[in-house]
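Enquirer: Just to be clear, the model below is a prediction. Sequence and coordinates:
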Amino acid sequence: MPELEPDPSGSVVSMLERIGSVVVPVGVGLYAMLYLGIQQMYWVFDINPEQAGIDQSVLLGRLMGTLILLLLILLPVICILVAVGWLLDKVTRGAVNRVVQGVRQRPWIAAVIAAAWSGVTYLGTTYLFTLEISPLYVLGALVFGILAFVVPFRLLRRKPVGRAGMKVLVGALTGIGLGMGLVVGLVLGAGDVRNTGQANDLLNLVGFQDQWVVVKDGDDKPLYDGRDIMLLGESDGVYVFYDCDNMTTFRRPAESTNLGEIRLDPEREPGYTCGSLVKDEEAKPKSG
């Protein structure tokens with residue numbers, strides 16, 4: 001009887017399943033952390049996303065757009081790493097592949113590597129509380145990961161179901177770690193907007209509108225001395241503004257408010273900071 005050739009579609013499906021078992025948990029963890037990051041970003045201005053008109057559907061669209069852009073950025077990086085690994089394997093005549101297979105066949109080594117990587121994902125949390133990363137923090141994260149995860153991961157690798165569960169857990173922790181780094185970036189970026197009136201590329205990536213207007217009353221007369229005011233959003237017929245000069249957030253009904261001289265991401269002179277009126281008020285001599 002003629003030998004049956006292996007079905008190529010089966011290998012493709014198997015490869016896609018392996019990729020999905022890693023990518024999906026990473027995406028879910030990253031999505032969850034991005035959701036929290038956008039919440040924290042607007043809390044810097046003492047409001048929540050809903051008050052700025054960011055409901056669940058808008059938030060979902062922004063998060064999906066952000067994930068797609070991140071995928072487009074990470075995909076070439078992953079492809080380059082795969083190409084480098086393939087090239088090294090060819091140069092070393094298969095030694096790299098033998099080392100990888102040897103690690104996979106030794107449960108303790110694989111468990112230690114996965115545990116150390118899981119510990120590194122907590123560096124984002126460390127930075128959120130300390131606002132710094134040092135070699136000591138990296139070493140602490142590695143030790144923490146090994147002590148916390150190495151035994152559970154070793155037990156999980158006893159059976160195929162356990163190995164699949166370990167992939168999901170490591171992928172989810174990786175997504176959470178990457179997302180925590182983005183949360184830190186969003187919070188710091190929102191703080192920069194509050195202090196300097198300028199948004200960075202990360203905030204633009206998640207859809208933050210660096211939009212400035214001149215607020216006018218219903219008769220189209222400029223208010224607040226005709227100064228530029230940041231428009232944070234609108235919800236239920238109410239505009240939410242951030243006054244950079246006074247460093248305050250306030251609301252006005254849309255029916256009695258007109259917007260003029262709308263500008264997106266305006267240029268600022270070097271050294272520009274918010275709070276000029278606050279500084280002027282503090283500089284005035286106190287009576288009595």
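Expert: That came through, no problem. Predicted model only: the values in this text are computed from it and were never measured.
Enquirer: can we go C-alpha only for contacts and neighbour counts from here?
Expert: OK.
Enquirer: model confidence over the one helix or strand Val150 maps to, on average?
Expert: In this assignment (DSSP states H and E), Val150 forms part of helix 135-156. The predicted model gives helix 135-156 an average pLDDT of 79.
Enquirer: Show me what it is in contact with.
Expert: Contacts of helix 135-156 with the rest of the structure, by CA atoms under 8 Å, 6 or more residues apart in numbering, involve 107-108, 111-112, 114-120, 122-123, 126, 162-163, 165-166.
Enquirer: buried residues in that helix?
Expert: Under the neighbour-count criterion of 16 or more other CA atoms under 10 Å, helix 135-156 has 137-138, 140-142, 144-146, 149-150, 153-154, 156 buried.
Enquirer: Mind checking which of the contacts of helix 135-156 are in helices?
Expert: Judged by DSSP state H, these include 107-108, 111-112, 114-120, 123, 126, 162-163, 165-166 as members of helices.
Enquirer: where along this protein do the strands fall?
Expert: Across the chain, reading from the start of the chain, the strands by DSSP state E fall at 211-217, 228-235, 238-243, 248-253, 257-264.
Enquirer: Please produce TSV containing these, extended by distance to Val96, mean neighbour count and mean pLDDT.
Expert: As requested, the strands of the chain are arranged in TSV below (distance: least, CA to CA, whole Å; neighbours: other CA atoms under 10 Å; pLDDT from 0 to 100):
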stretch	distance to Val96	mean neighbour count	mean pLDDT
strand 211-217	52	20	89
strand 228-235	53	21	88
strand 238-243	56	20	91
strand 248-253	57	15	90
strand 257-264	51	15	87
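Enquirer: Tell me which of those strands sits nearest to Gly197.
Expert: Ranking the strands of the chain by distance to Gly197, with CA to CA as the measure, places strand 228-235 first at 8.2 Å.
Enquirer: Which residue is the nearest non-sequential neighbour of Glu50?
Expert: Leaving aside its sequence neighbours, Glu50 sits nearest to Ser235 (CA to CA, 6 or more residues apart in numbering; 7.2 Å).
Enquirer: Check the gap between the one you found and Phe241 for me.
Expert: According to CA to CA, to the nearest Å, Ser235 and Phe241 sit 12 Å apart.
Enquirer: same check, this time on Gly207
Expert: On the measure of CA to CA, Gly207 and Phe241 end up 17 Å apart.
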